[in-house]
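Novice: I need the structure of the sequence given here:
(one chain, ligands or ions: 1)
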Amino acid sequence: MANDNNDLYQDARERLLTLQEEYRTRIEAIEDHIQNPQDDLNEHWEDQAISYRQNDMRKNLLAEAQQNLMYVENALSRIENGTYGECEVCGEDIEPKRLEAIPYATLCMQHAE
Ligand SMILES: [Zn+2]
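Specialist: Numbering: from 1, shown residues only. So this is what the prediction gives:
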């Protein structure tokens, strides 16, 4: 799809940059919460257990956001070097619908199973 690639790249790039911004903001907010747990409401001794659990939850969210940010940044560099939208296993074009749903997908539907 040589002629469509520019539009596809342009569109994907914009969406990836938006996602990158979102994940960065989210990561900052979560890190801030982990470092400043006293910001939590109802921070009494008896609530420590809850607070710890919330911190665990936040660390999971943080790990997830960091991983997604990595995927997004990988996708952006694939746009730069012209390999965006190719399946890493078979080298075929990833289905446009799939890229629309997951702009940082690296595998076609068949190989993502
Ligand atoms: Zn494939």
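Novice: just give the nearest non-adjacent residue to the most centrally placed residue in the chain, would you?
Specialist: The centroid of the chain falls nearest to Asn68 when counting by C-alpha atoms, centre = their mean (2.4 Å). Nearest non-adjacent residue to Asn68, counting by C-beta to C-beta, 6 or more residues apart in numbering: Tyr23, 5.5 Å away. Just so you know, the C-beta spots here come from the backbone N, C-alpha and C atoms, and that holds for glycine as well.
Novice: which ones are touching the residue nearest to the centre of the chain?
Specialist: If a contact means C-beta atoms under 8 Å, 6 or more residues apart in numbering, then Asn68 has Leu19, Tyr23, Tyr104 as its contacts.
Novice: residues of the protein that sit close to the ion?
Specialist: With C-beta under 5 Å from the ion as the criterion, the chain meets the ion at residues Cys87, Val89, Cys90, Cys108, His111.
Novice: give me the neighbour count for the nearest residue to the first one once chain neighbours are set aside.
Specialist: In this case it means Cys87. Using C-beta to C-beta, 6+ apart and skipping residues adjacent in sequence, the residue nearest Cys87 is Cys108, 3.9 Å away. For Cys108, the tally of surrounding residues (other C-beta atoms under 10 Å) stands at 21.
Novice: circling back: ok, and the most crowded of the residues of the chain next to the ion?
Specialist: Counting by other C-beta under 10 Å, top hit in the residues of the chain next to the ion: Cys108 with 21 neighbours.
Novice: tell me the mean pLDDT over stretch 88-100?
Specialist: The pLDDT scores in stretch 88-100 average 94.
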